[in-house]
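1. make a model of this:
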Amino acid sequence: MDPEMTMMEAEDAMTKAVEYAIHEFAAVRTGKASPALVENLDVHVHSYGSHMKLKQLAMISTPDPRLIRIEPFDPGTLQDIDRAIRESRLGLNGSIEGKVIRLPIPVLSQERREQMVKSIKQMAEESRVRVRAARRDAIEALKRGEKDGAITEDDLHRLEKEVQTLTDKKVADIDHHVAAKEKEILTV
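-> Below is the predicted model:
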C-alpha cells in the first residue's frame, strides 16, 4: 500500500466529482441562451445508427441573448436533432427554418427559477456525496496500510488530516460553483 498513490487517487476522484458538478450545472437553463445548454445533448441519429453529442453533429451559436441557433453539418440529421431537443428535460421547443433549428429561450418565471435553484443544490449534494465517498475510501485504504505495517500510526493521523483538508477544499469548490450558478439563475 503506497500512501502517496492513495492520496493521488483520492484527489483525482474528488476532482472528478467537482468537474461533474460543473458539467451538470452548465446544462441547467438560466434564462439566457448558451451553447452549453444543448451541446452535450445525446442525439440518436437513425441514418448513422448511433448516439452522438449535439456538438459533434452541428454548429451551435447564440446570435442574441434569447436564441440558440443550431446548424447541422449534415442536413439529414435535422429531424433527429429536433426530436432530441423536444424529448430532453430542457423544456424547449425549436423551430426548423430551412437547414437551421432556431431555439428561443423563454424568460423564466420566479417559480421556475426557484425550482432550478433546488435542482442545482440537489446536483451539488450528489457531488459532495461523491467527494465524501472518495474521502472514506482513502481513509479506509490508509487504515489498512497502518494495520499491514506499511505506514505508522503518526503517518496515518497526518494523512487523515490531509485527506480531510482536501475534502474540505473540494466541497468548498462545489459550494462556490453552486453560489455562482444560483446567482446566475436568479438574476432577471
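2. make it CA atoms for all contacts and neighbour counts henceforth
-> Noted.
3. just the element for the closest residue to residue 132 other than its chain neighbours, please.
-> Spatially, and ignoring its direct neighbours in sequence, residue 132 is nearest to residue 167 (6.9 Å; Cα to Cα, 6 or more residues apart in numbering). Using DSSP states H and E, the element containing residue 167 is helix 153-186.
4. thinking again about what came up before, read off the pLDDT value for the residue nearest to residue 132.
-> Looking at residue 167, its pLDDT is 96.
5. check contacts around it.
-> By Cα atoms under 8 Å, 6 or more residues apart in numbering, the contact set of residue 167 is 14, 131, 132, 135.
6. pretty sure the first one is touching residue 131, no?
-> Yes. With contact defined as Cα atoms under 8 Å, residue 14 counts as touching residue 131 (4.8 Å).
7. identify the contacts common to the two.
-> Counting by Cα under 8 Å, 6+ apart, the common neighbours of residue 14 and residue 131 are 167, 170.
8. pLDDT-wise, which helix or strand of the chain ranks last?
-> Lowest on mean pLDDT, DSSP states H and E among the helices and strands of the chain sits strand 42-45, with a mean of 85.
9. what lines up beside the next helix or strand after that one in the sheet?
-> Note on strand 42-45: by DSSP H and E, the next helix or strand toward the C-terminus is strand 50-53. Next to strand 50-53 in the sheet, as set by DSSP bridges, lie strand 42-45 (antiparallel).
10. and what about residue 102, helix, strand or coil?
-> Put simply, residue 102 is strand when judged by DSSP: H, G, I helix; E, B strand; the rest coil.
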